[in-house]
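Participant: show me the folded form of this:
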Amino acid sequence: MSGHSKWHSIKHKKMAMDARRGKIFTKIIREIMVATKMGGPNPETNPRLRLAIEKAKSVNMPNENIQRAIRKGTGEEGGVAYEQVTYEGYGPGGVAIFVEVLTDNKNRSASEIRSIFSRHNGNLAGAGSVSWIFERKGLISVKKDVIDEDSLMGIVIEAGAEDMKSEKDTYDIITTVENFESVKKAIEKNNIPIENASITYIPKNTVRLEGKEAEQLLKLLDELEESEDVQNVYANFDISDELLEKISK
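Facilitator: Sure thing, here's the model as predicted:
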């Protein structure tokens, strides 16, 4: 999971940079609207909305923007209706890629996603072709310098975590979707700062990439992430931390 986890960390930092330009706001607003429409406007009873609001606050989105998005999601204010769509495909080296999209125009999105895949030696595939490779999980990252491994392990396992992995700079805690909130609250209750927390897709297996294929794949993932309609991109690659850091710069 090393490469996948490292990429997750790089995306988290990139999101913070994008927020300074206001770029990430559009995507978060769409997520808040859809989450509200699907589960109601109360974050206490709507976990998806609660996570979206936490993400909005983490990038300093004004509260008025958040509340307006919620009102649009309930229909109180006029707004565009967004649909959830997923796309599946393969990148360089046969890496499986799963893309989550929120769009007001499925034809436009499909054309754009297909074009991005084609430009970077990838191709779209049919529904179900790669989704089976990924499992829906909670992922919580804690910086290594704030707590020792044994202490954190005791807290999260008791709270219901499935596993904890030691990465270069963080401990990555894996949970079921159902236990995500209880594990997150246990960490917060112990006053341990959380670097990142999200519901994500984690691959069951990975494909090792090096050299040109690794570079092509990261360019493909980057361009997908840049698309306004794309909310999340998941891929089952494994690239060494050193190479990933080098290419990402």
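Participant: how about the strands in this structure?
Facilitator: Taking DSSP state E, the strands of the chain run over residues 83-90, 96-103, 123-125, 134-143, 163-166, 170-175, 196-203, 207-208, 230-235, 237-238.
Participant: want to try CSV for those strands, with mean neighbour count, distance to E215 and mean pLDDT as columns?
Facilitator: Every C-beta, even on glycine, is put in place using the N, C-alpha and C of the backbone. Output for those, formatted as CSV (neighbours: other CB atoms under 10 Å; distance: least, CB to CB, whole Å; pLDDT from 0 to 100):
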stretch, mean neighbour count, distance to E215, mean pLDDT
strand 83-90, 17, 17, 95
strand 96-103, 22, 16, 95
strand 123-125, 14, 18, 95
strand 134-143, 18, 23, 93
strand 163-166, 14, 26, 91
strand 170-175, 23, 25, 93
strand 196-203, 19, 20, 90
strand 207-208, 17, 14, 92
strand 230-235, 22, 14, 92
strand 237-238, 22, 12, 90
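Participant: quick one, which of the ones you listed gets closest to A69.
Facilitator: When the strands of the chain are compared by CB to CB, strand 96-103 sits nearest A69, at 12.1 Å.
Participant: contacts for the closest one, please.
Facilitator: 27, 30-31, 34, 82-91, 109, 113, 117, 122, 130-131, 133-134, 201, 203, 207, 220-221, 224, 229-236 (CB atoms under 8 Å, 6 or more residues apart in numbering).
Participant: next: stretch 176-183.
Facilitator: Stretch 176-183 is contacted from outside by 47, 136-138, 140, 156, 159-162, 173, 175, 197, 199, using CB under 8 Å, 6+ apart.
Participant: nearest to G73, of the strands of the chain?
Facilitator: Taking CB to CB, strand 96-103 is the member of the strands of the chain nearest to G73, at 11.7 Å.
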